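Trainee: Below: sequence and its predicted model.
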Amino acid sequence: MQPERLLLGTEDCLAYSYDNSKRSVMPQAVALCVNAKEVADLLRVCHERAIPVTARGRGTNTTGASVPIAGGLVISLERMQRIIEINTADRYAVVEPGVLNGDLQAALKPLGFFWPPDPTSAPFSSIGGNLACNAGGPRAVKYGACRDNILALQAVDGRGERFSSGALTSKHSVGYDLTRFLVGSEGTLGIITQATLKLVPLPTAKRALRLLFARIEDAAAAVARIMAQPVTPCALEFIDRESLALVRARGVNLPAGDALLLVEVDAEASALDAACNAVLNAAQGPGLTDVLVAHDETQTDTLWAARKALSPALRSLAPKKINEDVVVPVSRLPELIAGVDVLARQHALRIVNFGHAGNGNIHVNLMIDPSDPVAANAAAHCLDDLFALVVSLHGTLSGEHGIGLAKRDYMPRAIDAHTLGLMRAIKTVFDPKGILNPGKLLPL
Ligand SMILES: Cc1cc2nc3c(=O)[nH]c(=O)nc-3n(C[C@H](O)[C@H](O)[C@H](O)COP(=O)(O)OP(=O)(O)OC[C@H]3O[C@@H](n4cnc5c(N)ncnc54)[C@H](O)[C@@H]3O)c2cc1C
């Protein structure tokens, strides 16, 4: 590999020491690889010398997953940016891992296709990082997250051996599904060097609806009713009272109400009215105070702008947000929302909730001042109680952000000891010396 793509200087390495979790640990070196052979050559050397290796896309994950906590080498995939093939007849795209999600969507749109995973970070997160975290977004309620939209992978294991999994076909039944092992494995089993992604035709028509409810419980109950009928919205987002206050503070004029659902329905143009009516009928019920149907793209964009601005706007509430993305079966959402309200009062914390209600995936944001030891301590206890609540509702720790470092020690709450043992055994097969992203995902 060319020496200018192996970074050793402190200033160069610093940029690869942290991610969106705000944790930071310096690596000893960073390799800006441009092909799979370079990745394999480096991993072979690191395997021989037991050097820790952390794969890195764009460092946007929120869990510390790409922080090189054991030092060693960061392998950055940012320069592997080729869209190798788009095949609309067979409905797949072959890409290198450093392609940005947003760039792929831009290339697919003129061809009438899209790749369903749509994290809000799409313009600046990589496909490799998306796959490694099993990222999703609003569209997951209808089209699924990464694991549902992948056909095949090429990767390098912890010995530096290249391997491939899956097929170009939309169905196949040959052996173990290593592709889905790798998706969501957060760089602990192998480094993805090429991905074949499943493409979906763009719907011809879409309509957004804004529904306001008097009480949060009313909105949560409406989500369950909407999901219990046959028309699946392509987005079903929830915004709570605290989030609405932020939106209102930004000058958005909203009728009274303590909770909002932003629903988007897509269909063939001729079927759109019926599909929207089915969703609206299901939404009718106690506490629905206001309905706004967006009739053009500008109105739709305005509705979405408020939702997308929420995450950054939270920073105005407190110096730190602890952003959890717990998930429960949709029918248990009312209990989750009520339970979080109780926890906020019990621990005297400000908690703001919004997220992908159609998947039961709620971003529970604990707003704290980390310099206040009482608040920091309360947040730690509250998190513990939150995960216990979620598991008691048959949900789990993360819907899309993954485990990384932030939730690693909570894994035994969600996964029993025997199953964790199987996961550790799988890790050993892929990575016998444990050099791939050590200290992440699996509790020590
Ligand atoms: C403003 C904002 C909004 C966000 N919104 C969403 C959202 O709506 N939905 C959502 O799911 N997430 C969201 N995220 C989180 C984040 O963007 C995703 O987790 C994203 O998938 C990470 O991609 P990345 O390229 O930044 O990967 P990184 O953060 O660099 O890496 C993430 C993990 O993937 C591993 N990895 C990276 N590349 C590879 C590879 N080629 N092979 C193997 N392992 C690899 C890393 O080791 C690490 O474990 C958001 C983040 C921000 C900052």
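Mentor: Yep, that arrived.
Trainee: Leaving out sequence neighbours, find the closest residue to residue 376.
Mentor: Using C-beta to C-beta, 6 or more residues apart in numbering and skipping the chain neighbours, the partner closest in space to residue 376 is residue 370 (5.6 Å). Where you see a C-beta, it was placed from the backbone N, CA and C, and this is true even at glycine.
Trainee: Then residue 398?
Mentor: Excluding its sequence neighbours, the residue lying closest to residue 398 (C-beta to C-beta, 6+ apart) is residue 325, at 5.4 Å.
Trainee: Hmm, residue 365 and residue 318 touching each other?
Mentor: No: the criterion here is C-beta atoms under 8 Å, and residue 318 misses it with residue 365 at 9.2 Å.
Trainee: per-residue pLDDT, residue 298?
Mentor: Among the per-residue scores, residue 298 holds a pLDDT of 85.
Trainee: what about it, neighbour count?
Mentor: The local packing count at residue 298 equals 9, with neighbours defined by other C-beta atoms under 10 Å.
Trainee: sorry, back to before: hang on, the residue nearest to residue 398 in a helix?
Mentor: No: counting by DSSP: H, G, I helix; E, B strand; the rest coil, one finds residue 325 to be strand, located in no helix.
Trainee: Spit out the contact partners of it.
Mentor: Taking C-beta atoms under 8 Å, 6 or more residues apart in numbering as the contact definition, residue 325 lies against 355, 361-364, 398-401.
Trainee: what are the bridge partners for it, then?
Mentor: Beta bridges link residue 325 to residue 363 when assigned by DSSP bridges.
Trainee: Against the ligand, how distant is it?
Mentor: Spatial separation of residue 325 from the ligand under the definition C-beta to the nearest ligand atom, to the nearest Å is 8 Å.
Trainee: Equivalent analysis for residue 136, please.
Mentor: Residue 136 is 5 Å from the ligand, by C-beta to the nearest ligand atom.
Trainee: what about the residue lying closest to that residue once chain neighbours are set aside, neighbour count?
Mentor: Among residues not flanking residue 136 along the chain, residue 145 sits closest, at 3.3 Å (C-beta to C-beta, 6+ apart). Residue 145: 27 surrounding residues under other C-beta under 10 Å.
Trainee: Any buried residues in the host helix or strand of residue 44, and which?
Mentor: Secondary structure assigned from DSSP states H and E places residue 44 in helix 36-49. When neighbours are counted by 16 or more other C-beta atoms under 10 Å, the buried residues of helix 36-49 are found to be 36, 38-43, 46-47.
Trainee: circling back: so for residue 318 and residue 365, which sits in the more crowded spot?
Mentor: The residue with more neighbours, out of residue 318 and residue 365 and counting by other C-beta under 10 Å, is residue 365; that gives 26 against 19.
Trainee: Show me which residues of the protein are close to the ligand?
Mentor: Among all residues of the chain, those adjacent to the ligand (criterion: C-beta under 6 Å from any ligand atom) are 19-20, 54-62, 65-66, 77, 97, 119-121, 125-126, 128-130, 132-133, 135-137, 186-187, 191-192, 311, 400-401, 437.
Trainee: Understood, closing this out.
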